[in-house]
Structure formats: C-alpha cells, structure tokens
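*Asks:* Here is my input, please return the structure:
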Amino acid sequence: MINLSHLDGTGFVLNADLIELIEAKPDTVITTTSGKHFIVKESLADVVSRIIDYQRTVRQSPENRVLRAGEPVEGGRQVDG
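*Replies:* Down below sits the predicted model:
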C-alpha cells in the first residue's frame with residue numbers, strides 16, 4: 001500500500017500491487033488492473049519511488065518470505081538455523 005494525494009490534497013492509500021499503468025499527462029494518472037483511474041499530486045517518479053520502497057519492504061519482511069522446499073517451519077514462520 002502506498003500513500004498518495006488527490007489533486008485537492010486529500011490523502012488516500014492505494015494497493016500498489018494493483019497498479020497497471022502510470023502516466024504523466026501532465027498530471028500523474030494511475031490506472032489499476034480493474035480499470036479505475038486516479039489523478040494524483042505526486043510526480044510519476046515519486047509514485048514509482050513509493051512503489052519500489054513498498055516492494056522492498058514487502059520482500060524483506062520475514063512474514064512474507066517464500067519458504068524453499070525443505071526449509072524448517074515453526075508456527076508458520078521460517079526457523080533460522
């Protein structure tokens with residue numbers, strides 16, 4: 001999820017995994033996989049940066065790490081060891 005702002009300054013949170021397209025027309029327009037369009041205050045580069053930061057956070061979180069075959073699991077989480 002990434003924090004963004006509508007053109008009037010009101011904030012909202014968007015599921016970054018549902019973003020299909022980002023365009024600068026000159027306003028930044030985000031299109032989701034469901035076809036919804038959002039015009040946001042943030043620049044295209046800023047939105048991309050937020051998506052990258054979000055993806056890094058998700059991928060580095062131990063709770064979201066994909067276990068490889070044969071790795072020990074304890075209580076639904078990987079056991080270091």
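
*Asks:* in what helix or strand does Glu20 lie?
*Replies:* Using DSSP states H and E, the element containing Glu20 is strand 19-24.

*Asks:* nope, Gly35 is what I was after
*Replies:* Secondary structure assignment for Gly35, by DSSP H and E: no helix or strand.

*Asks:* Run me through the strand neighbours of the helix or strand just after the strand holding Glu20, direction for each.
*Replies:* Using DSSP H and E, the helix or strand that directly follows strand 19-24 along the chain is strand 28-32. Strands adjacent to strand 28-32 in the sheet, as given by DSSP bridges, are strand 19-24 (antiparallel), strand 37-40 (antiparallel).

*Asks:* what separates strand 28-32 from the chain centre, distance-wise?
*Replies:* The offset between the C-alpha centroid of strand 28-32 and the centroid of the whole chain comes to 13 Å, using C-alpha atoms, centre = their mean, to the nearest Å.

*Asks:* which parts of that strand are buried?
*Replies:* By 16 or more other C-beta atoms under 10 Å, the buried positions in strand 28-32 come out as 28, 30. C-beta coordinates here come from the backbone N, C-alpha and C atoms, glycine included.

*Asks:* Grab the most central residue of this structure for me.
*Replies:* The chain has Ala16 as the residue nearest its centroid, 3.0 Å off, counting by C-alpha atoms, centre = their mean.

*Asks:* Tell me who's in contact with the nearest residue to Ala24 once chain neighbours are set aside.
*Replies:* Nearest in space to Ala24, with sequence neighbours left out and distances taken as C-beta to C-beta, 6 or more residues apart in numbering, is Leu44 at 4.4 Å. With contacts taken as C-beta atoms under 8 Å, 6 or more residues apart in numbering, Leu44 has the following neighbours: 22-24, 28.
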